[in-house]
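Chemist: got a predicted structure here, sequence first:
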Amino acid sequence: MDGNRRWAKKRFLPSALGHAAGAKRVRAIVEACLRSDIPHLSLFAFSTENWRRPEEEVSMLMSLFASYLQKEVDEMEAYGVCLKVVGDRTKFSQELQSLIARAEQQTQHNTKITLRVAANYGGRWDMLQAAKRWQSEHADEKLDALTEESLAPYLSTAGAPEMDLLIRTGGESRISNFMLWQAAYAEMFFIETLWPDFTVKHLNEAVAWFSKRDRRFGSAAPF
């Protein structure tokens, strides 16, 4: 969800209002996915690299995240949204960790859509923590015993299907350490539109583009 700060700058507004506008956009996109029977949606909210931003901005983002959890969890439960927050939570305040745990518990039995919010997340971190967890639980086994199939349950997205479509707003053509393992065969859709301006129409365009892709997963194209 890239472009919140640039959206605000173009309007001579503080970056906080750009992030707030971006947070409001989330609801419309989640609702569109529900209407389209899309069962999984993952949003990159805060990366492990985002801690390098000014302290005031980071603090505001943490407050916005906490506010979102408090205001939206009842609606998520009502609409059948199962919330999962993926990433290293240990750097968050105890209050924010408690809000995350409470929201996950309240929505854990919902089945219409699983919404994964990646917060303090990095794809490299995910693979590294998965390898460490596997090693911890298989201390008597040699590293040769580790396979793709045996590592997958230790990733933060354990149990989810591999990513089909990755959308990046804001005009950048990179994935910036987002779900590197999970996106191995994802189709990548890059769009100039800044996240606060990303509408359901843009989402539908991305899905329509995806539906026309020839996905061979390394196999030869049929004659």
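Modeler: Thanks, I have it.

Chemist: how about the helices of the chain, start to end?
Modeler: 4-10, 15-35, 55-79, 94-107, 123-137, 148-151, 200-211 (DSSP state H).

Chemist: would you reformat those as a markdown table and include distance to M179 and mean neighbour count?
Modeler: C-beta coordinates here come from the backbone N, C-alpha and C atoms, glycine included. Output for those, formatted as a markdown table (distance: least, Cβ to Cβ, whole Å; neighbours: other Cβ atoms under 10 Å):
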| stretch | distance to M179 | mean neighbour count |
| --- | --- | --- |
| helix 4-10 | 20 | 18 |
| helix 15-35 | 17 | 18 |
| helix 55-79 | 19 | 15 |
| helix 94-107 | 19 | 15 |
| helix 123-137 | 5 | 15 |
| helix 148-151 | 14 | 11 |
| helix 200-211 | 16 | 14 |
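
Chemist: need the contact list for the residue nearest to K112 when sequence neighbours are not counted.
Modeler: Spatial nearest neighbour of K112, excluding adjacent residues (Cβ to Cβ, 6 or more residues apart in numbering): G80 at 3.1 Å. Going by Cβ atoms under 8 Å, 6 or more residues apart in numbering, G80 touches 34, 110-113.

Chemist: among the residues you listed, which are in strands?
Modeler: Among the contacts of G80, the ones falling in strands (DSSP state E) are I113.

Chemist: just the closest of the contacts of G80 to V200, please.
Modeler: Distance to V200, by Cβ to Cβ, is smallest for L34 among those, at 11.3 Å.

Chemist: could you give the number of residues near the residue nearest to that closest one when sequence neighbours are not counted?
Modeler: Once flanking residues are discounted, L34 sits nearest to I113: 5.6 Å by Cβ to Cβ, 6+ apart. A count of neighbours around I113, defined by other Cβ atoms under 10 Å, yields 21.
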